[in-house]
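Asks: Sequence and predicted structure, then a few things I'm wondering about:
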Amino acid sequence: MKTFWRQQVEDAIERLINLLDDIDGDPDLEPEPLEEQHDREAELTWTSDEIPRFYLIAERARRKARAMR
């Protein structure tokens, strides 16, 4: 019975993908990347001498979790 439902789902997905391809006219359409307004990687690093708030919060949580063991 599972294979029957799996096949039904696979067929539905295939039909929907084909529908999207028909609508936009390009089967390999990928959205254009948005300009990077804010570099998320920069949030994970810091260049000043001040420790960022996200690091302090994460460090406190780590220490609290370690103390609870």
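Replies: Now that the structure is in, tell me what you want to look at. Numbers count the residues shown, from 1 in each chain.

Asks: Please enumerate the helices of this protein.
Replies: 2-24, 40-43, 53-68 (DSSP state H).

Asks: looking at those, which one has the lowest mean pLDDT?
Replies: Lowest mean pLDDT within the helices of the chain: helix 40-43, a mean of 58.

Asks: ok, back up a step: now render the helices of the chain as a markdown table, adding distance to residue 30.
Replies: Bear in mind the C-beta positions are built from the backbone N, C-alpha and C, glycine included. Below are these laid out as a markdown table (distance: least, CB to CB, whole Å):
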| stretch | distance to residue 30 |
| --- | --- |
| helix 2-24 | 11 |
| helix 40-43 | 20 |
| helix 53-68 | 31 |
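
Asks: With mean neighbour count added, can I get these in a markdown table?
Replies: Shown next, in a markdown table, are these (neighbours: other CB atoms under 10 Å):
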| stretch | mean neighbour count |
| --- | --- |
| helix 2-24 | 10 |
| helix 40-43 | 8 |
| helix 53-68 | 10 |
